[in-house]
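**Q** The following comprises the amino acid sequence and a computationally predicted model.
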Amino acid sequence: MSDTEQFPVTMTVNGKKVQRFVEARTLLIHFLREDLNLTGPHIGCETTHCGACTVEMNGMSVKTCTLFAVQANGAELTTIEGMANPDGTLSALQEGFRQMHGLQCGFCTPGMIMRAHTLLKENPNPTEDEIRMGISGNLCRCTGYQNIVKAIQYAAAKLNGTDFQEAAE
Amino acid sequence: MIPGEFIYHRPSSVAEAVAILANHGEEARPLSGGHSLIPMMKLRMAAPEHLVDLGGIADLKGISEDGDMISIGAMTTQHELIASDLLGSKLPIIRETSQLIADPQIRYVGTLGGNVANGDPGNDMPALMQCLNASYVLTGPEGDREVSARDFYEAAYFTKLAPEEILTAIRIPVLPAGHGYAYEKLKRKVGDYATAAAAVVLTMSGGSVSFCAIALTNVADTPLFAVEAGDILTGSTLDAETVKRAVAAAEAITEPASDGRGPAEYRTKMAGVMVQRALARAAERAKG
């Protein structure tokens, strides 16, 4: 077998069309970070558990450490780099994480926000329980999740044009 | 954790995929969602020289009803199973089980076909398919053959699927409206395989059980169809004494490993507890 056989891939990443040649074994996370220089998606566990590498692909949240770049050929992807508003201001979710202290070390945050982004598209008004189940594939070792849940509730309220009431501790 | 090198194939038809598999024999592996195979490749415990991505074959997607059978394309994801109104109304136990598999990201990608074909005793769908008396359509160079889920599993990762065959569809007989069902899974955390799990479907008629099927996940090398436990309960009113005998019959066929999920004796007992809970919840849901 040829050691260096390259496969062409084309995808739309954060609204921009990209075209590259990759080795078939290139994982999507490595393609994003090393070929496209998008280092927002993080490599955490590398074993499909932690969710730090989560991006949106064709409307689904996926863990990019467990997909080959060739599988994403033709796909539309959004990473944390594509989340801010076009004028550079923070999107509702990013603002929520900032306002509610939804991060401490920040390592899980790109994955958390990308997962929450898809969750809110599918369920714009989730209950606390639905948020917790919705982010159950994303691990955070700092916050204890409380403020992440609040950040998502904040974003949901903002996107729905309703008032965010912070629950009593 | 970088997989070994391989040649990537992305056929657009089942026939083309089967031809590639037949050409390369055991050096080729089909790729569905990849959430079992890719981790194994990253650990270099699997190193196929040819990877045949089934993601480009439109025929392998979708859920349809044909008379009293429901047919599910092998590449249908767990997320799609959960979202299906047809399954939600006809076979709601599939939605209940899918929601207990892995986590949301994995359910967008993981497929029913991959889950049942892989032969991993930790997977949840094989026992459910045995409980539902599903059959698998295996497509090879000679055409299709159908194998019952109850006969498909031989040992951990060993199944009736030949290297040149692809599991293309799952066919499930529809249960009568008003049937009771439950999938009970004990696990340590979201994303974990079951310490033990049980699938139960039953129908009630005039306060007694007219039909009952039970199967168990991750308490042996293969999923287990608990035929005797189901037989004991059929005709009963689910009285405590009969349930106790059925649970004992289910426990008796388990052969779990002692591992991080607990010692074998514990997992056997938990299989019994899961059967008991699933029976209670299925009975509550059954009409008639």
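**A** Nice, I can see it. Treat the numbers as computed from the prediction; the structure is a model and nothing was measured.
**Q** In contact with residue 112, which residues?
**A** Since no chain was named, I'll use chain A. Residues near residue A:112 by Cβ atoms under 8 Å, 6 or more residues apart in numbering or on different chains: A:51, A:54, A:97, A:102-103, A:135, A:138, A:140, A:148. Bear in mind the C-beta positions are built from the backbone N, C-alpha and C, glycine included.
**Q** that's the other chain; I wanted chain B
**A** Listed by Cβ under 8 Å, 6+ apart, the contact set of residue B:112 reads B:72, B:74, B:76-78, B:81, B:125, B:170.
**Q** Secondary structure, neighbour count and pLDDT for the contacts of residue A:112 - can I get that in a markdown table?
**A** Output for these, formatted as a markdown table (DSSP: H, G, I helix; E, B strand; the rest coil; neighbours: other Cβ atoms under 10 Å in any protein chain shown; pLDDT from 0 to 100):
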| residue | secondary structure | neighbour count | pLDDT |
| --- | --- | --- | --- |
| A:51 | coil | 29 | 98 |
| A:54 | strand | 33 | 98 |
| A:97 | helix | 25 | 98 |
| A:102 | coil | 28 | 97 |
| A:103 | coil | 20 | 97 |
| A:135 | coil | 27 | 98 |
| A:138 | coil | 27 | 98 |
| A:140 | coil | 22 | 98 |
| A:148 | helix | 27 | 98 |
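**Q** Mind pulling the model confidence for residue 161?
**A** Chain wasn't specified; assuming chain A. Reading off the per-residue confidence, residue A:161 sits at a pLDDT of 95.
**Q** nope, chain B please
**A** The predicted local confidence for residue B:161 comes out at a pLDDT of 97.
**Q** surely it meets residue B:153?
**A** No. Using Cβ atoms under 8 Å as the test, residue B:161 is too far from residue B:153 to be in contact (10.1 Å).
**Q** for chain A, what are the nearby residues on the stretch 101-250 of chain B?
**A** Within reach of chain A by Cβ under 8 Å from any Cβ of the partner chain, the stretch 101-250 of chain B has these residues: B:102-106, B:108-109, B:190-191.
**Q** Ranking by neighbours, what's the top pick from these?
**A** Greatest neighbour count in these, by other Cβ atoms under 10 Å in any protein chain shown, goes to residue B:105: 30 neighbours.
**Q** Where does it sit: helix, strand or coil?
**A** Three-state assignment for residue B:105 (DSSP: H, G, I helix; E, B strand; the rest coil): helix.
**Q** Residue 119: what's it in contact with?
**A** Just so you know, I chose chain A. The contact partners of residue A:119, by Cβ under 8 Å, 6+ apart, come to A:61, A:126, A:130-131, A:134-135, A:152, B:104.
**Q** hm, I was asking about chain B
**A** The neighbourhood of residue B:119, defined by Cβ under 8 Å, 6+ apart, consists of B:126, B:153-159, B:161, B:222.
**Q** burial count for whichever residue of chain A sits closest to chain B?
**A** Ranking the residues of chain A by distance to chain B (Cβ to the nearest Cβ) places residue A:137 first, at 2.9 Å. Residue A:137 is surrounded by 24 other residues when neighbours are defined as other Cβ under 10 Å.
**Q** same check, this time on the one 10 residues further on
**A** With neighbours defined by other Cβ under 10 Å, the count for residue A:147 comes to 20.
**Q** Pull out the buried positions in the helix or strand where it lies.
**A** Remark: residue A:147 resides in helix A:146-160, with elements defined by DSSP states H and E. Across helix A:146-160, burial judged by 16 or more other Cβ atoms under 10 Å in any protein chain shown covers A:147-159.
**Q** go on, stretch B:266-281?
**A** Buried, per 16+ other Cβ under 10 Å, within stretch B:266-281: B:267-272, B:274-276, B:278-281.
**Q** Around residue A:12, count how many other residues there are.
**A** Neighbour count for residue A:12, taken as other Cβ under 10 Å: 13.
**Q** now it: how far from residue A:76?
**A** Here residue A:12 is placed at a distance of 5 Å from residue A:76 (Cβ to Cβ, to the nearest Å).
**Q** Tell me where chain B has strands.
**A** B:7-9, B:28-31, B:50-53, B:63-66, B:69-73, B:135-140, B:143-148, B:153-155, B:158-159, B:166-173, B:180-186, B:196-205, B:208-217, B:224-225 (DSSP state E).
**Q** Sheet-wise, list the partners of the second one with their directions.
**A** Yep, that's strand B:28-31 we're talking about. strand B:50-53 (parallel) (DSSP bridges).
**Q** Enumerate residues external to the partner strand that contact any of its residues.
**A** Contacting residues not belonging to strand B:50-53 are listed as A:24, A:70-71, B:6-11, B:17, B:20-21, B:24, B:27-31 [Cβ under 8 Å, 6+ apart].
**Q** roughly how far is the longest helix along chain B from the heart of the chain?
**A** Of all segments of type helix in chain B, defined using DSSP state H, the longest is helix B:264-285. Distance of helix B:264-285 from the chain centroid (Cα atoms, centre = their mean, to the nearest Å) equals 18 Å.
**Q** mind listing what residue 46 touches?
**A** Answering for chain A, as no chain was given. When contacts are taken as Cβ under 8 Å, 6+ apart, residue A:46 is in contact with A:65, B:1, B:42.
**Q** Can you look at chain B instead?
**A** Going by Cβ under 8 Å, 6+ apart, residue B:46 touches B:29, B:37, B:40.
**Q** pretty sure the second one contacts residue B:28?
**A** The reference is to residue B:37. No. If you go by Cβ under 8 Å, residue B:37 and residue B:28 don't touch, sitting 12.0 Å apart.
**Q** Run through the residues of chain A sitting next to chain B.
**A** Contact residues of chain A with respect to chain B, defined by Cβ under 8 Å from any Cβ, are listed as A:1-3, A:5, A:7, A:23-25, A:27, A:30, A:46-49, A:51, A:54, A:60-63, A:65-68, A:70-71, A:73, A:115, A:119, A:133-137.
**Q** Mind checking which of these are buried?
**A** Buried by 16+ other Cβ under 10 Å: A:7, A:23-25, A:27, A:30, A:46, A:48-49, A:51, A:54, A:60-63, A:65-68, A:70-71, A:73, A:115, A:119, A:133-137, out of these.
**Q** what residue lies at the spatial centre of chain A?
**A** For chain A, the residue lying nearest the average C-alpha position, counting by Cα atoms, centre = their mean, turns out to be residue A:114 (2.4 Å).
**Q** Skipping adjacent residues, who's closest to it in space?
**A** Computed as Cβ to Cβ, 6 or more residues apart in numbering or on different chains, the closest residue to residue A:114 that is not its neighbour in sequence is residue A:54, at 4.8 Å.
**Q** Helix or strand next in line after the one helix or strand residue A:18 maps to, which one?
**A** In the assignment (DSSP H and E), residue A:18 maps to strand A:16-23. Read in the C-terminal direction, the helix or strand following strand A:16-23 is helix A:28-30, with elements assigned using DSSP H and E.
**Q** same for the longest helix of chain B, what does it pack against?
**A** Of the remaining helices and strands, those touching helix B:264-285 by 3 or more Cβ pairs under 8 Å, 6 or more residues apart in numbering or on different chains; DSSP states H and E are strand B:180-186, strand B:196-205, strand B:208-217, helix B:240-252.
**Q** With that, I have no additional questions.
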